[in-house]
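Enquirer: I would like to see how this sequence folds:
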Amino acid sequence: MITIAVDCMGGDHGPSVTLAACRKFLDARPEAHLVLVGLPDALRGFSHPRVTLVGASEVVTMDDPLEVALRKKKDSSMRVAVQQVKDGSAQAAVSAGNTGALMAISRYLLKTLDGIERPALSGQIPNALGGATTVLDLGANVDCTAPQLLQFAVMGSALVSVMQNKPDPSVGLLNIGSEIIKGNETIREAGDLMRAAALAGDLHFFGNVEGNDIFKGTVDLVVCDGFVGNVALKTGEGLASMIGGFLKAEFSKNIFTKFAALTAYSVLSALKGRIDPGRHNGAALLGLRGVVFKSHGSADSLAFANALSRAYDAVDHKLLERVQTRLAHAAPLLAGLHTDTENAVPSLP
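Expert: Numbering: from 1, shown residues only. You can find the predicted model right below:
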């Protein structure tokens with residue numbers, strides 16, 4: 001039985017969403033077990049034969065500085081949930097809370113895998129093919145070196161191979177053009193490293209891709225720094241919101257616009273459903289010695305249940321082992337490329 005630890009206090013809505021999502025998930029996964037972590041009062045009354053309740057006395061808010069989340073709130077629901085993974089009481093942890101805090105706490109408690117300098121946040125953005133393009137980093141690392149982008153590519157390849165059953169997923173490097181000479185020095189160097197990795201059999205490197213390729217589904221995996229990745233993610237979310245807003249606005253106008261909106265309603269509703277970020281909710285924190293998934297902070301119960309399902313599938317398909325295998329294969333190329341000396345996780349007193 002796979003056990004997932006859930007930070008029930010995280011996100012914009014907290015237990016009102018997470019607990020409802022947990023019931024949905026348990027109904028759909030009769031072989032799963034959950035460890036629900038939160039303030040005792042918030043969890044009181046929740047009962048299920050495949051649930052264990054674990055109390056926490058603190059909550060990491062969405063506005064908490066990293067210093068507070070990491071050093072001062074040592075009994076937060078987020079930290080206790082990740083601790084379950086470290087202790088072996090759970091095989092994965094899921095939280096909708098503060099992304100920076102979750103990354104820092106997970107990195108401090110679980111540590112990074114050999115060959116990895118920084119964990120990366122990897123998620124899916126719906127594409128025109130009816131599926132989704134996996135993108136990393138989505139915001140965990142704003143500034144990245146070329147070796148770190150290569151590490152992201154290797155880890156992301158393992159994720160796609162596991163979650164989408166694609167043994168040799170195609171990898172694209174996000175750039176301002178497809179030509180090798182395009183981009184800044186970091187991107188050009190990263191391209192050279194990925195081409196070398198392709199020659200060594202570590203990657204199926206497609207080459208440079210542009211922003212529209214994410215939504216076209218040109219490749220299975222797109223690698224970029226966290227600044228660009230987060231912008232792309234929010235753009236996709238904004239498109240779904242825009243379509244919903246358009247439909248609502250047109251139905252509130254005169255009879256002619258209402259008729260036009262009604263005519264297009266089924267098509268636009270279907271499109272909105274396909275690009276709904278909640279459908280693909282659940283971003284993996286790759287590069288850790290444990291499985292941690294981040295849900296969108298504004299997720300509803302259905303979207304949060306999707307994040308739980310993605311975490312479950314990652315464990316079930318042995319994501320951590322697959323990432324380690326790919327890193328071991330790429331170790332000769334990754335060796336000597338470490339450059340990150342400024343972002344070590346601070347030691348706690």
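Enquirer: Distance of Leu121 relative to Thr18?
Expert: The gap separating Leu121 from Thr18 is 20 Å, by CB to CB, to the nearest Å. Bear in mind the C-beta positions are built from the backbone N, C-alpha and C, glycine included.
Enquirer: who has more neighbours, those two?
Expert: Thr18 (30 against 27; other CB atoms under 10 Å).
Enquirer: Would you check that the more buried one makes contact with Ala5?
Expert: No - using CB atoms under 8 Å, Thr18 is not in contact with Ala5, being 11.9 Å away.
Enquirer: Regarding Phe293, what is its secondary structure?
Expert: Look at Phe293: counting by DSSP: H, G, I helix; E, B strand; the rest coil, its state is strand.
Enquirer: Can you report how many residues lie near it?
Expert: Count around Phe293 with other CB under 10 Å applied: 27.
Enquirer: In contact with it, which residues?
Expert: Ala92, Ala93, Val94, Ser95, Gly282, Ala283, Ala284, Leu285, Ala307, Arg310, Ala311, Ala314 (CB atoms under 8 Å, 6 or more residues apart in numbering).
Enquirer: Could you give me the buried positions within whichever strand or helix holds Ala198?
Expert: Using DSSP states H and E, Ala198 sits within helix 185-199. Residues of helix 185-199 classed as buried: Thr186, Ile187, Arg188, Glu189, Ala190, Gly191, Leu193, Met194, Ala197, Ala198 (neighbour count, 16 or more other CB atoms under 10 Å).
Enquirer: Now do the helix or strand harbouring Val154, average pLDDT.
Expert: Val154 is located in helix 146-163, with elements delineated by DSSP H and E. The average pLDDT within helix 146-163 is 94.
Enquirer: Ok, stretch 168-180 next?
Expert: For stretch 168-180, the mean pLDDT works out to 95.
Enquirer: Just the endpoints, please. Distance across that stretch?
Expert: Stretch 168-180 has an end-to-end distance of 22 Å (criterion: CA to CA, to the nearest Å).
Enquirer: Same check on stretch 178-185?
Expert: 15 Å.
Enquirer: in it, what counts as buried?
Expert: Result for stretch 178-185 [16+ other CB under 10 Å]: buried residues Gly183.
Enquirer: and if you look at stretch 27-34?
Expert: Arg29, Ala32, His33, Leu34.
Enquirer: Distance across it, terminal residue to terminal residue?
Expert: Start-to-end, stretch 27-34 (CA to CA) is 12 Å.
Enquirer: What mean pLDDT does that stretch get?
Expert: 96.
Enquirer: low-scoring pLDDT stretches of this protein, where are they?
Expert: Where the chain drops to pLDDT under 70, the residues are 236, 238-279, 336, 338-349.
Enquirer: In it, what residue spans correspond to helices?
Expert: Per DSSP state H, the chain carries helices over the ranges 15-28, 40-43, 66-67, 77-87, 99-110, 146-163, 185-199, 211-216, 226-251, 255-274, 301-316, 319-334.
Enquirer: export these to a markdown table and tack on distance to Arg289?
Expert: Output for the helices of the chain, formatted as a markdown table (distance: least, CB to CB, whole Å):
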| stretch | distance to Arg289 |
| --- | --- |
| helix 15-28 | 25 |
| helix 40-43 | 28 |
| helix 66-67 | 21 |
| helix 77-87 | 9 |
| helix 99-110 | 5 |
| helix 146-163 | 13 |
| helix 185-199 | 23 |
| helix 211-216 | 29 |
| helix 226-251 | 21 |
| helix 255-274 | 35 |
| helix 301-316 | 14 |
| helix 319-334 | 8 |
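Enquirer: To Gly139, which of these lies closest?
Expert: Gly139 sits nearest to helix 226-251 of all the helices of the chain, at 3.7 Å, using CB to CB.
Enquirer: Give the closest residue to Ser89 in space, chain neighbours not counted.
Expert: Spatial nearest neighbour of Ser89, chain neighbours left out: Val35 (6.4 Å); criterion: CB to CB, 6 or more residues apart in numbering.
Enquirer: can you give me the offset of the helix holding Val154 from its chain's centre?
Expert: What separates the centre of helix 146-163 from the centre of its chain is 13 Å, taken as CA atoms, centre = their mean, to the nearest Å.
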